[in-house]
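A.B. asks: Dropping the sequence and predicted coords here.
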Amino acid sequence: MVRPERDVDPDDPRSDCLRLCVHDLNNPLTAIRVLAELCRDTASDPELRRDMVDMLEAADAAGALLEGLSSLLRAERNSDAFTWHPIDLSAVVREIASRPALGRYVTLDLPPKVRILGDRTAIARAVTDVMMNARRLAERSAFRVTLRDQPVIELRIRHPAPGVPATLRQQLFEPYGAVALRGVSIPVSVVGLYQARQAILAHEGEIFFEDDPSGAMDLVIRLPR
């Protein structure tokens, strides 16, 4: 088993502060979701329904950020306990792509089933972080997610543009490195891909960026069978 690196201080007061903020923000965010769903389902005005769909999308994006922060804090504290079971990776990707924050921005090219052995929660969290980051980089454009199981299991997220300059990409995999990227006006998710990389390494996989000949940027995840 590959052990991911732990290069942050688990006793940093920032971790406690973030943990409390995540906890306190979840309750009002849940209330916003419930009320927006109620308005969407009962409103007779089409414009109001569209506004509620936009609100649900924004609330889900905020929820994904909080989930990512929680995972980042667990990774810092080395508190993830993985449970290994057979997983249908195609089903995991479809479920994530159906989230309100992603549904309008992602196209899928997946086989019916791709079986791997792993921790479903950790894999789902990693794929969510990757896809939410792709949505930010693509802005209002669609991005494509492809899954193949021959000759290796490979999940490929294709961004429609170069995305992050090659010299800065490694920062996305570092704890809080995404904050620095946002400081140079690259629209990546603030949680970055640190936790995603930790989860993929724990599953003896690899995650990396690759430039496509068309000029697009791919993020590639490879996992063992």
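C.D. replies: That came in fine, so what should we check first? Predicted, not measured: the structure shown is a model, and the values here were computed from it. Residues are numbered from 1 along each chain as shown.
A.B. asks: Quickly note the distance from the residue nearest in space to the middle of the chain to Met55.
C.D. replies: Averaging the C-alpha coordinates of the chain gives a centre point, and the residue nearest to it by C-alpha atoms, centre = their mean is Asp129 (1.3 Å). Here the criterion is C-beta to C-beta, to the nearest Å. By it, Asp129 lies 23 Å from Met55. Any C-beta I mention is one placed from the backbone N, CA and C, and that applies to glycine too.
A.B. asks: per-residue pLDDT, Asp45?
C.D. replies: The score at Asp45 is 86. That number is its pLDDT.
A.B. asks: Repeat that for Gly183.
C.D. replies: 74.
A.B. asks: re the thing from before, spatially nearest residue to the residue nearest to the centre of the chain (excluding sequence neighbours)?
C.D. replies: The spatially closest residue to Asp129, leaving aside those adjacent along the chain, is Ala196, at 4.5 Å (C-beta to C-beta, 6 or more residues apart in numbering).
A.B. asks: what's the pLDDT at that neighbour?
C.D. replies: Looking at Ala196, its pLDDT stands at 92.
A.B. asks: coming back round to it: show me the contacts for the residue nearest to the centre of the chain.
C.D. replies: If you count contacts by C-beta atoms under 8 Å, 6 or more residues apart in numbering, Asp129 has them with Gly68, Ser71, Ser189, Val191, Gly192, Leu193, Gln195, Ala196.
A.B. asks: So which of the residues you listed is the closest to Gly215?
C.D. replies: Sorting the contacts of Asp129 by how near they are to Gly215, with C-beta to C-beta, puts Leu193 at the top with 21.6 Å.
A.B. asks: Could you verify my assumption that the closest one touches Thr128?
C.D. replies: No: the pair Leu193 and Thr128 fails to qualify as a contact (C-beta atoms under 8 Å) at a distance of 11.1 Å.
A.B. asks: So what's the residue count around the residue nearest to Asp129?
C.D. replies: 29 (other C-beta atoms under 10 Å).
A.B. asks: Kindly report the same for Arg125.
C.D. replies: The tally of other residues near Arg125 (other C-beta under 10 Å) stands at 24.
A.B. asks: how about the strands in this structure?
C.D. replies: Secondary structure of the chain (DSSP state E): strands located at 85-88, 106-109, 115-118, 143-148, 153-159, 206-211, 217-223.
A.B. asks: So which helix or strand of the protein has the lowest pLDDT on average?
C.D. replies: The weakest-scoring helix or strand in the chain, judged by mean pLDDT, DSSP states H and E, is helix 13-42 (a mean of 75).
A.B. asks: if we can go back for a sec, quick one, what contacts the residue nearest to Asp129?
C.D. replies: Arg125, Ala126, Val127, Asp129, Val130, Ile207.
A.B. asks: Verify the contact between Lys113 and Ser90 for me.
C.D. replies: Yes: taking contact to mean C-beta under 8 Å, the distance of 5.4 Å between Lys113 and Ser90 places them in contact.
A.B. asks: okay, these two: which has more neighbours?
C.D. replies: Each of Lys113 and Ser90 had its neighbours counted (other C-beta under 10 Å), and the higher figure belongs to Ser90 (18 against 10).
A.B. asks: still on that earlier bit, by contact count, what packs against the least confident helix or strand of the chain?
C.D. replies: Helices and strands touching helix 13-42, by 3 or more C-beta pairs under 8 Å, 6 or more residues apart in numbering; DSSP states H and E, are helix 46-76.
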